[in-house]
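S.K.: Requesting a structural model of the entry that follows:
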Amino acid sequence: MSKKYAISILFFVCLLGMSAGVYSMIRTLPVAELVSKSDYIVIGEVRKIEVDTTQRPKSAGMRYLRNEIIVTESLKGDWPIDRLMFFRTITAEHWIEDNVEFPYPGTQVLLFVRKGESGGLSLVNGIQGLWPLQEGKPLRMGTGKTVEEIKSLIRSQAGRKE
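M.R.: Numbering: from 1, shown residues only. As a prediction, the model looks like this:
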């Protein structure tokens with residue numbers, strides 16, 4: 001076997017091995033873009049998380065969850081206070097990269113929400129659209145930001161559209 005041929009095979013095997021370990025993560029949106037892509041931005045409380053028995057999972061070890069949020073403050077859009085929002089997520093026996101997981105019931109959350117063509121709701125950019133609040137301070141992908149910053153961005157973007 002020629003040296004050139006052996007090097008080519010080694011390169012191919014290394015490339016194949018590296019691609020097996022490759023994973024991708026969501027592209028994190030700048031906060032201004034997260035705000036502008038949202039039809040609704042609300043603060044709410046996780047009321048209930050339950051297994052959605054109306055949906056059959058695509059594979060063993062996975063289940064759909066129905067997440068119920070009661071809106072306590074509407075920052076953008078016209079979502080009524082005390083009206084529920086529902087989101088379907090998945091849970092699995094194994095860890096799933098960038099999977100949306102709502103915190104336990106009773107937790108306050110800041111949500112960036114988009115209304116789909118069919119009328120259903122989804123979080124803008126998946127996990128980036130869900131910020132749990134602890135003592136009014138955003139956690140997870142909202143760490144280091146404040147609710148006041150989000151309100152200010154909403155006001156400034158509304159001012160540009162008028």
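
S.K.: can we go C-alpha only for contacts and neighbour counts from here?
M.R.: Will do.

S.K.: residues in contact with the closest residue to Gln108 other than its chain neighbours?
M.R.: Of all residues not flanking Gln108 in the chain, Glu45 sits nearest, at 4.4 Å (C-alpha to C-alpha, 6 or more residues apart in numbering). Going by C-alpha atoms under 8 Å, 6 or more residues apart in numbering, Glu45 touches 69-72, 105-109.

S.K.: Make TSV out of those and add neighbour count, pLDDT and secondary structure.
M.R.: Shown next, in TSV, are these (neighbours: other C-alpha atoms under 10 Å; pLDDT from 0 to 100; DSSP: H, G, I helix; E, B strand; the rest coil):
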residue	neighbour count	pLDDT	secondary structure
Ile69	26	98	strand
Ile70	21	98	strand
Val71	24	98	strand
Thr72	18	98	strand
Pro105	14	98	coil
Gly106	12	97	coil
Thr107	15	98	coil
Gln108	25	98	strand
Val109	27	98	strand
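
S.K.: Take those residues and lay them out in a markdown table including distance to Ile96.
M.R.: Listed next are the contacts of Glu45 as a markdown table, based on distance: C-alpha to C-alpha, whole Å:
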| residue | distance to Ile96 |
| --- | --- |
| Ile69 | 23 |
| Ile70 | 26 |
| Val71 | 28 |
| Thr72 | 30 |
| Pro105 | 21 |
| Gly106 | 24 |
| Thr107 | 22 |
| Gln108 | 24 |
| Val109 | 21 |
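
S.K.: Pull the most distant pair out of those residues.
M.R.: Thr72 and Pro105 (14.3 Å; C-alpha to C-alpha).

S.K.: before we move on, the earlier item: which of the contacts of Glu45 lies closest to Leu84?
M.R.: Taking the contacts of Glu45 together and measuring to Leu84 by C-alpha to C-alpha, the closest member is Ile70, at 4.5 Å.
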